[in-house]
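**Q** kindly generate the corresponding structure for this input.
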Amino acid sequence: MLNLNDLYLFVQAVDHQGFAAAARQLGIPKSTVSKRVAELEKSLGVRLIQRSSRTFIVTETGQDFYRHAAAVLIEAETAEAVVKNRLAKPKGTVRLCASVPTAQLWLATLLPAIAVKYPAIKLQLDVADRFVDIVREGVDIALRDHFSPLPDSELIQRRISYQPGYLIVSQAYLSQHGTPASPDDLSAHQGVLTSATETKWKLTNQQDCTVEVQPVPRFIANESMVLLQAAQARLGITCLPSKICQPSLESGALVRVLPDWTAGGVTTTLLMPHRRGQLPAVRVVADFLIEHLASA
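**A** Next up, the predicted model:
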């Protein structure tokens, strides 16, 4: 592989019709230009320039080589300009992944807003509740909802929000079964649960008192929207992050019971591969999401 710097010095020497003139233009010693062109000729095994103390003549082979070398330099400059242009303006493809609830509740509104604000950015969203290896799968930004702290990794982690778990139920259910006045009362109520093996709720109040309760399993599903609909259908009390049940609480479709108690909580974290080499498009999308999700 030829040295691109040697090509550049050769082209400059031809353009300025001499080593001395090229050296003056570049601000380097004449000997440097002459030596590098000589090394180029040695690597090619051919004379490109016939020179003496009085003459500087580009050979026929040198003329052919010059045309191609000049074209190579133009392409290299074009490639550099493309990168610099992309680094200067937010544009290009940004790949994101998020869970179903996050996509439905927030990204469905936020991503179109980003696309309108930054028309040169192309967004691709993968909605999945499975674990996504963002490095291996080429994801730029991942939004993860998690109950436990995420493990340490080389990924950038930015905590966006924390949503406490609310105990929610339909008013119709309470009218039929009564309203629990304390955590102990929950053992007599029907539960809409996330797992057949995780049938207990660990509740905490503002005084950091903790109690574990176990409702009567009535309905089980590992999807938030299904649990929400089951609670609205009067099947029992369920526990969901506040961000998911807030619209139903505001509309009156559901009500909160034992409001002084919360059942754990969900942290939303934005993850990205290391910032080295990161394009502005990824940064502006991440900043937009952090700003709007943190205040949601």
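**Q** going by C-alpha atoms from here, please, whenever you check contacts or count neighbours.
**A** Will do.
**Q** which residues does R158 contact?
**A** Neighbour list for R158: 269-271 [criterion: C-alpha atoms under 8 Å, 6 or more residues apart in numbering].
**Q** what's the answer for D133, then?
**A** Contacts of D133 by C-alpha under 8 Å, 6+ apart: none found.
**Q** again, but for I237
**A** Contacts for I237 (C-alpha under 8 Å, 6+ apart) come out as 167-170, 189-192, 231.
**Q** what's the closest of the contacts of R158 to E250?
**A** T269 (25.5 Å; C-alpha to C-alpha).
**Q** the lengthiest helix in the chain: what's the following helix or strand?
**A** Criterion DSSP state H: the longest helix present in the chain is helix 60-88. Sequence order places strand 92-98 as the next helix or strand after helix 60-88, per DSSP states H and E.
**Q** quick revisit: okay if I get the contacts of I237 as TSV plus pLDDT and secondary structure?
**A** Written out in TSV, the entries for the contacts of I237 read as follows (pLDDT from 0 to 100; DSSP: H, G, I helix; E, B strand; the rest coil):
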residue	pLDDT	secondary structure
L167	96	strand
I168	96	strand
V169	96	strand
S170	95	coil
H189	95	coil
Q190	95	strand
G191	95	strand
V192	95	strand
A231	95	helix
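**Q** need these in a markdown table (columns: distance to K42 and neighbour count).
**A** Output for the contacts of I237, formatted as a markdown table (distance: C-alpha to C-alpha, whole Å; neighbours: other C-alpha atoms under 10 Å):
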| residue | distance to K42 | neighbour count |
| --- | --- | --- |
| L167 | 80 | 24 |
| I168 | 81 | 27 |
| V169 | 84 | 28 |
| S170 | 86 | 26 |
| H189 | 89 | 20 |
| Q190 | 87 | 20 |
| G191 | 83 | 26 |
| V192 | 80 | 27 |
| A231 | 81 | 25 |
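**Q** quick check, nearest of the residues you listed to L254?
**A** S170 (4.5 Å).
**Q** give me every residue that touches the closest one.
**A** By C-alpha under 8 Å, 6+ apart, the residues touching S170 are 231-234, 236-237, 253-255.
**Q** may I ask which of those has the most neighbours?
**A** Highest neighbour count within the contacts of S170: I237, with 33 neighbours (other C-alpha atoms under 10 Å).
**Q** who's sitting farthest from the centroid in this protein?
**A** Distance from the C-alpha centroid of the chain peaks at R54, with 62.0 Å (C-alpha atoms, centre = their mean).
**Q** quick check: that residue is in a helix.
**A** No. The assignment for R54, made by DSSP: H, G, I helix; E, B strand; the rest coil, is coil rather than a helix.
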